[in-house]
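Asker: The amino acid sequence is not available; the structure is as follows:
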């Protein structure tokens, strides 16, 4: 039986009179890439914070095994630190200096930013900054990555490139990944399993398994079919068709 690095068992979470999660259960297995989509305000980020250990459930149990790191939608780099110094923040637990330097060199090569190690965040493009954030999260012996809309502030073409980059990085440094996103194309292109949530209190409306190898092209039949299923579950298929007709 596969190990389960992340589990929520009958979890409920309320904030005052607002019930965000009710009796919610989810198991994420080792090495799996899970994407979570759903209506705005349904509790996706709350779910991610519970999995990160930043928040506690009102009832139920959250099980977290191993080292977890999070990448946010807003720029999380320290502006007064260089690219190398930001990445080294993820290597603080590596005590041997030679090992830290070797790891830093590998990570700079992984994100293809050799030669930029002395640059500061304001000297980088949005896509470059996100690659530095991913390198910091992948540093050392991280077991699980939690991604909170990591590419949402970027233009579409940059998002496409970074999805492919992320898939490449994960081939070289496999991790368990949970991605929260509003972008259903992103979810279908990247994930092994897509979980579609209802309005709050959130429940799982459906789960889609995708078997095609990553990275997938946005026009891959399995990606297109998954997007169609997600839109249907969310009741947005008609809106998407109208948008397509209008764009023609």
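Answerer: Done, it's in. Computed from a predicted structure; not experimentally measured.

Asker: Could I get the pLDDT score of the closest residue to residue 215 other than its chain neighbours?
Answerer: In space, and not counting its chain neighbours, residue 215 is closest to residue 167: 3.6 Å by CB to CB, 6 or more residues apart in numbering. Any C-beta I mention is one placed from the backbone N, CA and C, and that applies to glycine too. pLDDT recorded at residue 167 is 90.

Asker: Quickly find the element holding residue 167.
Answerer: helix 156-172 (DSSP states H and E).

Asker: Next: residue 179.
Answerer: Per DSSP H and E: strand 176-180 holds residue 179.

Asker: following that strand, which helix or strand shows up next?
Answerer: Next element after strand 176-180 (DSSP H and E): helix 184-190.

Asker: so what does that next one touch, helix or strand wise?
Answerer: The contact analysis (3 or more CB pairs under 8 Å, 6 or more residues apart in numbering; DSSP states H and E) places helix 184-190 against strand 33-37, helix 156-172, strand 176-180, strand 193-197, helix 221-233.

Asker: can these go into JSON lines with extra columns for mean neighbour count and distance to residue 212?
Answerer: Below are the helices and strands packed on helix 184-190 laid out as JSON lines (neighbours: other CB atoms under 10 Å; distance: least, CB to CB, whole Å):
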{"stretch": "strand 33-37", "mean neighbour count": "25", "distance to residue 212": "12"}
{"stretch": "helix 156-172", "mean neighbour count": "17", "distance to residue 212": "11"}
{"stretch": "strand 176-180", "mean neighbour count": "25", "distance to residue 212": "16"}
{"stretch": "strand 193-197", "mean neighbour count": "22", "distance to residue 212": "13"}
{"stretch": "helix 221-233", "mean neighbour count": "17", "distance to residue 212": "5"}
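
Asker: any idea which of the ones you listed scores lowest on pLDDT?
Answerer: helix 156-172 (a mean of 88).

Asker: what comes into contact with it?
Answerer: By CB atoms under 8 Å, 6 or more residues apart in numbering, the residues outside helix 156-172 that reach it are 33, 110-112, 125-127, 130-131, 134, 138, 150-151, 154, 177, 183, 186, 189-190, 214-215, 218.

Asker: In strands, which of those residues fall?
Answerer: Secondary structure assignment by DSSP state E places 33, 177 of the contacts of helix 156-172 in strands.

Asker: Which of the contacts of helix 156-172 are buried? Put it as a PyMOL command.
Answerer: Entered in PyMOL, the line below selects the buried ones among these, by 16 or more other CB atoms under 10 Å:
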select buried, resi 33+110+111+127+130+131+134+138+150+151+154+177+183+186+189+190+214+215
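
Asker: Hmm, residue 60 and residue 9 touching each other?
Answerer: Yes: using CB atoms under 8 Å, residue 9 is in contact with residue 60, at 5.6 Å.

Asker: Counting neighbours around each, name which of these two comes out higher.
Answerer: Using other CB atoms under 10 Å, the more surrounded residue of residue 9 and residue 60 is residue 60, with 17 against 14.

Asker: That's all I had, so thanks and see you.
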